[in-house]
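*Asks:* missing the sequence, but the structure's below:
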């Protein structure tokens with residue numbers, strides 16, 4: 001799956017100095033190519049997103065303020081596939097493999113110590129297993145396609161009325177268990193709320209724009225952990241929340257090793273570029 005930039009040359013970058021047939025190249029004196037590129041970059045949606053992320057994620061140890069979260073959410077809500085050079089026609093031509101687990105592809109748009117911007121491409125039936133985001137605030141924008149999202153937050157240990165059935169299991173509160181189809185609102189999760197532990201299952205081929213602040217880092221104790229969930233009724237222990245909800249509102253999560261099938265294909269991002277500054 002290739003993310004294509006819109007440049008007038010089908011499937012490839014325009015060669016330096018190349019002209020279309022009948023096209024004349026006119027350059028005014030005192031106007032440099034570098035300046036022109038920066039002006040163009042500043043007007044792109046991905047550049048505006050990058051600038052906003054610099055404002056929102058100033059400190060990797062601090063959760064963004066509500067006003068900054070809303071500002072970044074508004075920007076992402078307005079983003080479309082073409083803003084990252086994605087052709088939806090090409091995306092929906094992707095077919096799921098009939099054998100084994102469908103492979104997921106991703107492209108990194110930008111990454112620094114404070115935040116990262118990337119795109120995930122999921123063919124039909126592809127699954128990103130249940131995983132957490134330690135100390136992270138994450139914005140997920142479905143650009144194209146349909147996906148099922150299921151997410152949990154850890155339940156306060158004090159809310160459980162009895163001990164857990166196994167040291168490998170931990171009780172969690174179900175936050176989201178729904179289908180989403182683009183265009184739709186941006187999903188936001190926080191270090192301890194909003195469905196910090198989530199899984200994606202592609203209903204159709206789909207593309208998800210992902211903003212993480214800060215990004216995963218083993219050195220900073222933000223390594224990813226994967227889980228398997230079990231229905232609460234499998235190991236009931238009488239847990240209820242303040243509203244008296246039972247059974248379907250909870251789940252047991254068990255930490256698991258990453259599967260070899262989860263390996264993702266990495267591709268180069270060829271959409272509108274980010275200009276650091």
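*Replies:* Cool, the structure landed. This structure is a prediction, so every number in the text was calculated from the model and none was measured.
*Asks:* going along the chain, name the strands of the stretch 151-277 of the chain.
*Replies:* 169-181, 187-189, 197-202, 206-213, 226-231, 250-256, 265-266 (DSSP state E, counting those that start in this stretch).
*Asks:* does residue 201 touch residue 148 like I think?
*Replies:* Yes - using C-beta atoms under 8 Å, residue 201 makes contact with residue 148 at a distance of 4.4 Å. All C-beta atoms are positioned from the backbone trio N, CA, C, and that covers glycine.
*Asks:* coming back round to it: buried deepest among the strands of the stretch 151-277 of the chain, which one?
*Replies:* Most buried of the strands of the stretch 151-277 of the chain, by mean neighbour count (mean count of other C-beta atoms under 10 Å): strand 206-213, with a mean of 24.
*Asks:* show me what it is in contact with.
*Replies:* Defining contact as C-beta atoms under 8 Å, 6 or more residues apart in numbering, one finds that strand 206-213 is touched by 49, 53, 56-57, 60, 64, 72, 76, 79, 81, 84, 86, 91, 114-122, 133, 136-147, 182, 200.
*Asks:* for the record, mean pLDDT for stretch 184-194?
*Replies:* Across stretch 184-194, the average pLDDT comes to 97.
*Asks:* same question but for stretch 149-166, I mixed them up
*Replies:* pLDDT averaged over stretch 149-166 gives 73.
*Asks:* now do stretch 125-140
*Replies:* 96.
*Asks:* what is the end-to-end distance of it?
*Replies:* 19 Å (C-alpha to C-alpha, to the nearest Å).
*Asks:* stretch 139-155 too?
*Replies:* Here the two ends of stretch 139-155 are set 22 Å apart, with distance taken as C-alpha to C-alpha.
*Asks:* partners of the most centrally placed residue in the chain in the sheet?
*Replies:* In the chain, the C-alpha nearest the mean C-alpha coordinate belongs to residue 210, at 2.6 Å (C-alpha atoms, centre = their mean). Beta bridges link residue 210 to residue 118, residue 140 when assigned by DSSP bridges.
*Asks:* what number of residues lie near residue 191?
*Replies:* 16 (other C-beta atoms under 10 Å).
*Asks:* how close does it sit to residue 150?
*Replies:* Residue 191 is 19 Å from residue 150, where distance means C-beta to C-beta, to the nearest Å.
*Asks:* now swap in residue 203 and tell me
*Replies:* For residue 203 relative to residue 150 (C-beta to C-beta), the value is 13 Å.
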